[in-house]
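In: The sequence isn't on hand, but the structure is:
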């Protein structure tokens, strides 16, 4: 995986020897040798969860620790390539229900029971955590725990309109904000495998993320399964972005909640929105809206509307490229046919990194600039 090391803090970092008593620390210690065997984390420390540093108390990703301390992992000559199948045999997680039922659980239950995929800053899977634990911002974890996510952008191919949703006021993290069609997390232990390994990313298949997207589109927007099944193979994986944001706008300067994710960008089109059935879940979605680029820009300029920080930055940086001629590449939304039918916009190796807008700095851990400054 190619990473932009210039975007990471360059100062020397001292890792303290103290480890926090994370609920999964014992399991992580038991798995340490196995992870190291596959070249995932340093041999002389736990994976990312439980590590602290003197760098403003910040969570320090293993790869950054490797770069600054020149640590290395001793791998066995018999070590074999790390794959999603290897991951399943290595990680023991809190069992999910045999059949995930979004209709029967409350927002609080989702936070406690959903088991997200914890990664290092190179998107290697290193652990699992509850949705609640991964989104809690604190002095111990100023940006929560880095985990994997996906963002779906669903378009009407006949009009190039994008389907937006307004997150419900009952949501615990980032309520009342407008965002892309669906944003959520692949989970451990699901009936339909939602875990992607490096080989799935490099060939662009990301079937685990596709399965997670189908599950959540059905849950949040009420799209019937027969419509989702025809959509499953049409998702276009474009790239990954690494970002964090404290939910200070809706929870205040000392917000205990936020996001810290490596987010898989998934585009999908339908021939016409009249062919799509929407029945939004009231505890997930307050409103939906189909918009053109110009209509979205008008919404961005409306001070009465709130937007998720990740969506606003992704839309402005990558989706709308101010294309001036037919020969220019433009943004992902500028030429949907090109985006969906070629690999011109696909970048499976780079993980793009950005800090949030300054209004999303802070939170309970007083987090500040860390990756590459706000876009």
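Out: Happy to help now that I have it. Values in this document were obtained by computation on a predicted structure and should not be read as measured data. Residues are numbered from 1 along each chain as shown.
In: Specify the next element, helix or strand, located C-terminal of the longest helix seen in the chain.
Out: Taking DSSP state H as the criterion, the chain has its longest helix at helix 207-221. Counting by DSSP states H and E, the next helix or strand C-terminal to helix 207-221 is helix 225-232.
In: the inter-axis angle of that next one versus helix 207-221?
Out: Here helix 225-232 runs at an angle of 140 degrees relative to helix 207-221 (axes from the mean of the first three to the mean of the last three Cα atoms, to 10 degrees).
In: Direction included, what does the helix or strand following helix 225-232 pair up with?
Out: Using DSSP H and E, the helix or strand that follows helix 225-232 towards the C-terminus is strand 236-246. With DSSP bridges as the test, strand 236-246 is paired with strand 258-270 (antiparallel), strand 350-354 (parallel).
In: I'd like to know which elements the longest helix of the chain is packed against.
Out: Secondary-structure packing of helix 207-221 (3 or more Cβ pairs under 8 Å, 6 or more residues apart in numbering; DSSP states H and E): strand 147-156, strand 182-184, helix 225-232, strand 258-270, strand 285-291. (C-beta placed from N, C-alpha, C; glycine too.)
In: okay if I get these as TSV plus distance to residue 128?
Out: Formatted as TSV, those follow (distance: least, Cβ to Cβ, whole Å):
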stretch	distance to residue 128
strand 147-156	9
strand 182-184	16
helix 225-232	24
strand 258-270	15
strand 285-291	27
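In: of all the ones you listed, which lies closest to residue 120?
Out: Of all the helices and strands packed on helix 207-221, strand 258-270 sits nearest to residue 120, with 9.4 Å by Cβ to Cβ.
In: what's the model's confidence in that closest one, averaged?
Out: When pLDDT is averaged along strand 258-270, the result is 98.
In: That strand vs strand 147-156, what angle?
Out: 30 degrees.
In: Tell me which residues of strand 258-270 come out buried.
Out: Buried residues in strand 258-270, counted by 16 or more other Cβ atoms under 10 Å: 258-270.
In: Would you format those as CSV with distance to residue 117 included?
Out: Below are those laid out as CSV (distance: Cβ to Cβ, whole Å):
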residue, distance to residue 117
258, 18
259, 14
260, 13
261, 10
262, 9
263, 12
264, 11
265, 17
266, 16
267, 22
268, 22
269, 27
270, 28
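In: wouldn't residue 238 be in contact with residue 338 here?
Out: No. Applying Cβ atoms under 8 Å as the test, residue 238 and residue 338 come out as separate, 12.0 Å apart.
In: Pull up the overlap in contacts between those two.
Out: residue 345 (Cβ atoms under 8 Å, 6 or more residues apart in numbering).
In: So those two - more neighbours on which side?
Out: Remark: of residue 238 and residue 338, residue 238 carries more neighbours, 22 against 13, as counted by other Cβ atoms under 10 Å.
In: Check that one and give its pLDDT.
Out: pLDDT, residue 238: 98.
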